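> A predicted structure for the sequence below; I have some questions about it.
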Amino acid sequence: MKLGRGRRALWGAVAIALPLAACASDGKDRPKSAAAKAPPVKYARDPYPSTYHAYPGVPTLVRNVTVFDGEGGRIDGGAVLLADGKIAAVGQSLDAPAGATVVDGAGKYITPGIVDIHSHLGDYPSPQVQALSDGNEATAPITADVWAEHSVWPQDPGFGRALANGGVTTLQILPGSANLMGGRSVVLKNVYARTMQAMKFPGAPYGLKMACGENPKRVYGSKNREPSTRMGNVAVDRQTWAKAVAYKRKWDKYEKEGGDPPDRDIGMDTLRGVLSGEIMVQNHCYRADEMAIVLDMAKEFGYHVTAFHHAVEAYKIADLLKASGTCAAVWADWYGFKMESYDGIGENLAILDHAGACAMIHSDDENGIQRLNQEVAKVLSSARHAGIQVSDAAAWKWLSLGPAKALGIDQQTGSLRPGKMADAVLWNGNPFSVYTRPEKVWVDGALLYNSSDPKRRPVSDFELGQPGSGDVK
Amino acid sequence: MTRALLLLAASVLAMPAAAQTIAITGGTVATGDGSAPIERGTVLVANGRIVAAGAGVAVPAGAEVVDATGKWVTPGVVSAMTDLSLVDADGVSESNDAGARGSPFKASIDVSVAVNPAGVKVANERLGGVTRAIVAPEAGGSIFAGQGAVIDLGSDPDALTRARAFEYVELGEDGGKLAGGSRPAAWALLRDAFQQAQDYRRDPKAFDGRSRDSLVTRGDAETLGRVLDGQLPLLVHVERAADIRQVLGMTRDYPRVKLVLVGVAEGWLVAREIAAARVPVIAHALADLPASFESLAATESNVGRMRAAGVQVALASTGASGGDHVLRQFAGNLVAITRVPGATGLDWGQAWAAITSGPAEAIGLGGEIGSLRPGRRADVVLWDGDPLELSSVPVATWVDGRAQPMRSRQTDLRDRYLTPTEGALPKAYERR
C-alpha cells in the first residue's frame, strides 16, 4: 500500500506510452506542426522479450490445509483450487471439479510462492569460478548500460535449490553493487529453460540497480579514481542524473515531434526510463543517513526510489521511509561483516513494519534464498521478544506480496487471490518452523517440485552426469 | 517472566560464582551428548562445573534454585571454525586479525594473543546461546593458517579455554592456490614442511630456519613438530572425495598425527573410509550447491549420511552470515530433512550434539566442554522453548557457572530505535 503512489504512476506511464508507440509506428495522427519533420521512430523498449510459457498442469484442489493467503489472511482447515494456471478459488471448503487432483493438506500449510527481490542467481552462479562471474561490470562507476539478463546463465544449479528447498517461484536478478549505477535488473519465473528469455516474467517492469556506501568508493578509490568517498558517490550520481534529465528532454521532444533523432545512449535509455516512471529503482544502501541523502537526490532529479536493499539501518529512519513511500528489503539478522553493517539488528524488519513503512525479506545469497521462510521466522521471534506482535499470516506479506509490489508484478502474483498466477507452495508443516520443508511447488499451476517424486526434481545441465546428479540436495 | 529471570541472573552475578551451587529444575534437559531430551529434569552446577543432569537429581540444601518449568536447559552452543573474538567487522581490515597474508611466519601463528573478549559480537552471540568457540585463523600467505584457540564467551577478561589448540591447514582447491597454483604444489609444501619439522626435532641447533631462503622458520618447525607428535590436532580443510582420500592416506606416513577434516562437502561419498580411519569431521551443515569443482556432489544429506556411516560429525559455522548463533538453525534443518523422502538428516539429539559436544570432541575437549555430563564446565543455557526452533531464545545463560548479562550492543540499538522518531532530545541522549 505504501507503494501505491509509485506503482500507479508506473502503470500509468506504461498505459500512456504504449498507445503513443502504436500511433507513431503506423504514422497516423502526426502532429501538424511537425509536418516538415521526419516522423518519430521509437526505439524498442523490450528488445529481448519474454518467451516464457506456463507448463501444463492439472486442476488441483488442496483441502483440509492451513492457508496463508499472502495478504494477511489465514484459513485453518481451508482449501485452495488451482486450475488453468491460475488460483481458481480459496475458501473454507471447496468442491473438486471433475478430474481434479485432490491433495489432503492435513497438518500442512499452503502459501503463495516466495518472491525474492534480491538475487544474483545466474549472474553469480555455482560453480563460483571466474569464467562464470558475470555480476559486476566493475570497470566504471556508472554502467547503467548493462542489463543483468545478458549475464544470466539459465543452467545455474541455484535456481533448482531455490525452488525445491526454498519454495521460491519468482526472483529479481540484479547486477552487483560495485557500481553507483550497476545496470538493469530482470525478473524471472523460477522455471528452468534453455534461454534467459524463456525464464523472463512476462510484463515485469525493469529495475535499475544503484548502490551507495562502501562498495563503489572502495572499488574505484582503489583504482585511484572518482568516487573514492561518499561525497564522491553522490557527486557522480548527481552529474549523471543531470545528464539523464537533458537526455530525457531531447528524446521526449523527438518522440513527440519527430525530426532528427538525438544520439542514442544505451545507459541513458535506462535512466530516462527511471525518470519516466517505467523503470523501478532498487538501491543497495546500508546506512540510515545515506538513505536520507538518496531520498533527497531522488527529489532533486524527479524520480522515485522503489526500495532500499540490505538497508541494515533502515529501522533508524522508518518514519522517513514511510513518508517517501520507499520500501526496505532486508536480511533477518546479518550484521558486523563490514563497517556499514555494524549496527544491524534482528528487529530491523519488524520495527519498519510496526512503524507503517513498507518492508520485506530478501536473500542476496544462493544459500539464504533456500530458507527465506526461516529468515522471516527469525524476524518474528525477534519482534515478539521485543514486544511487537505480528501474526504469522501477516508476516507472509514480507515473503511474497511485498516483494511483488516492489517489483510491479503484484497484479499477477504474490498472493492466493483468484485470477492470479497459480504460484504456490504446499509445506509439510508450519513454514515458520525450522522443521518444515516444501512438499510441492507449483508455478503457473504446473507442479514443478514434488518431494516424493524424483521425476519432479529439476537437474540443470551443469549437474547432469556429475557425482550426485539427481540426488536430493 | 523474562524480567524475573533477568533479575535472577543479576542476583546470581553478584555472588561469588565459583562456590555457587545452582539447581535448574523442572525443565526439558538436553545434555548435548546425542541422547534424546529428558522432560522435567534437573541440572546441578557447583564450583563452575556440572555435578549432574537428568531425571532424579537431588537438589542439595542451600542451592540457588532456578525454576525451568516449561523451558529447555542445554549446554551452550560451541561454534566451530569461527573468527569470533578476532574480528570486529570482517570487511574492516584494521579490525580483522583472522589472517596475515604478509607474514613470514605460517604454522606458528597463534591467534590466542588477538582474542578480544570485549568485542561486541562476543556478547551478541552469547545472547544467541553460543558459549564457546573454536577460533580458527584464516590462511593468508601459506597453506598453514596457524594455530587456533578455544575460548569461552563469558563477560570476563579471561576468555581462553585453550590457546594453541590445533593447527589449521588448507589443502584442496584453496591449498593449491595458496601453495602457488596447484594441489601437487600444496602437497609438496606440506611434506617438505613436515620433513623439516622432523629435522628440527632431531637437532634444533643444526636447523637453519633463519636464512632468507629458508622455507620453514624455526617457530614453524617447532609447531609442526607438535603436530607430528599428535600434541596439536591437525585440522585440514578439504571438500572433494579424492582430496579426502588423499588426506586419510597421509596418516600412513605420519601415524601419530591427530587428524580432523574440515568442510568435507563430498564426505558422504567416502563416509565409510572416514569412519574406518576414526577421523572426526567438522562439516558444512547445509552446503548443497556445487560452489566449486571440488564440491560437485554437495547435498544437505552429507552430514546425515556420514553420521549414519559411523563418522563423528560436528557442524562448522561457515556461511553463518547472521552470526554464530545461526548454527542452531543449521542443526534444526538437519532434523527437518529427515522428513524429506530420500534425504538423510539427524535426529534431535544428534543434531544438538553436532553443535555442542561434537565440535568439543573433534578437537579433544569433550571432557571439558560441550555437554552437561558431570565434570564438564558449566556452560548452561535456559531457553524459552525448543532450542532448535527459530521462535526460541535464551532467557538465562551461565558460563563456567557464572550467570551472564542478557544484553548486548545490538539490544541497546534495538531499544533506542524501537520507536524510530526522536523525542525531546536527539537519539544520542536515549540510553538505558
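Yep, that arrived. Residues are numbered from 1 along each chain as shown, chains lettered A, B, ... in the order given.
> isn't A:G207 right up against A:P175?
No: contact criterion C-beta atoms under 8 Å: A:G207 and A:P175 do not qualify, at 9.7 Å. Glycine gets a C-beta too; all of them are placed from N, C-alpha and C.
> pLDDT weak spots in the chain?
Since you didn't name a chain, this refers to chain A. A:1-35 (pLDDT under 70).
> wait, chain B
B:1-19.
> For it, just list every one of the helices.
B:2-13, B:120-127, B:172-178, B:183-202, B:218-229, B:241-253, B:271-276, B:302-308, B:327-336, B:348-353, B:357-362, B:409-417 (DSSP state H).
> phi, psi of the closest residue to chain A within the stretch 1-150 of chain B?
Going by C-beta to the nearest C-beta, chain A is nearest to B:G91 of the stretch 1-150 of chain B, at 3.3 Å. Dihedral angles of B:G91 (phi, psi; degrees, to the nearest 10) stand at phi -80, psi -10.
> quick revisit: okay if I get the helices of chain B as TSV plus mean neighbour count?
Output for those, formatted as TSV (neighbours: other C-beta atoms under 10 Å in any protein chain shown):
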stretch	mean neighbour count
helix B:2-13	14
helix B:120-127	24
helix B:172-178	21
helix B:183-202	18
helix B:218-229	21
helix B:241-253	17
helix B:271-276	18
helix B:302-308	25
helix B:327-336	26
helix B:348-353	25
helix B:357-362	27
helix B:409-417	19
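> B:I50 reaches B:R373, doesn't it?
Yes: between B:I50 and B:R373 there is a contact under C-beta under 8 Å: 6.5 Å.
> Now render the helices of chain B as CSV, adding distance to A:Q411.
Shown next, in CSV, are the helices of chain B (distance: least, C-beta to C-beta, whole Å):
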stretch, distance to A:Q411
helix B:2-13, 44
helix B:120-127, 41
helix B:172-178, 46
helix B:183-202, 54
helix B:218-229, 63
helix B:241-253, 49
helix B:271-276, 50
helix B:302-308, 42
helix B:327-336, 34
helix B:348-353, 43
helix B:357-362, 50
helix B:409-417, 34
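> Out of these, which is closest to B:A378?
Closest of those to B:A378 is helix B:2-13, at 11.8 Å (criterion: C-beta to C-beta).
> Can you tell me how far A:G73 is from chain B?
22 Å (C-beta to the nearest C-beta, to the nearest Å).
> scratch that, A:V58
21 Å.
> go on, A:W398?
14 Å.
> pretty sure that residue contacts A:L349?
Yes: checked against C-beta under 8 Å, the pair A:W398 and A:L349 is within contact range at 6.5 Å.
> show me what contacts B:G62?
B:T21 (C-beta atoms under 8 Å, 6 or more residues apart in numbering or on different chains).
> try 6 Å
Contacts for B:G62 (C-beta atoms under 6 Å, 6 or more residues apart in numbering or on different chains) come out as none.
> between the helices of chain B, which gets nearest to chain A?
Nearest of the helices of chain B (C-beta to the nearest C-beta): helix B:327-336, 3.3 Å.
> neighbour count winner among A:W398 and A:L349?
A:L349 (34 against 28; other C-beta atoms under 10 Å in any protein chain shown).
> hang on, that one packs against A:V379?
Yes: at 4.7 Å, A:L349 counts as touching A:V379 under the criterion of C-beta atoms under 6 Å.
> State the number of residues packed around B:R431.
B:R431 has 8 nearby residues by other C-beta under 10 Å.
> give me phi/psi at it?
phi -160, psi 160.
> Just give the nearest non-adjacent residue to the residue of the stretch 201-350 of chain A at minimum distance from chain B, would you?
At 3.3 Å from chain B, A:K338 is the closest residue in the stretch 201-350 of chain A, using C-beta to the nearest C-beta. Using C-beta to C-beta, 6 or more residues apart in numbering or on different chains and skipping residues adjacent in sequence, the residue nearest A:K338 is B:G91, 3.3 Å away.
> hang on, that neighbour packs against A:S341?
No: with contact defined as C-beta under 6 Å, B:G91 does not reach A:S341; the gap is 8.1 Å.
> higher neighbour count, these two?
A:S341 (22 against 17).
> what sits against the nearest residue to that one once chain neighbours are set aside?
Leaving out its chain neighbours, the residue that sits closest to A:S341 by C-beta to C-beta, 6+ apart is A:V312, at 4.9 Å. Contacts for A:V312 (C-beta under 6 Å, 6+ apart) come out as A:Y286, A:S341, A:G344.
> Got phi/psi on the residue nearest the centre of chain A?
Nearest to the mean C-alpha position of chain A, by C-alpha atoms, centre = their mean, lies A:I117 at 3.0 Å. The phi/psi pair for A:I117 (degrees, to the nearest 10) reads phi -80, psi -10.
> repeat for A:L174
Torsion angles, degrees, to the nearest 10, at A:L174: phi -110, psi 150.
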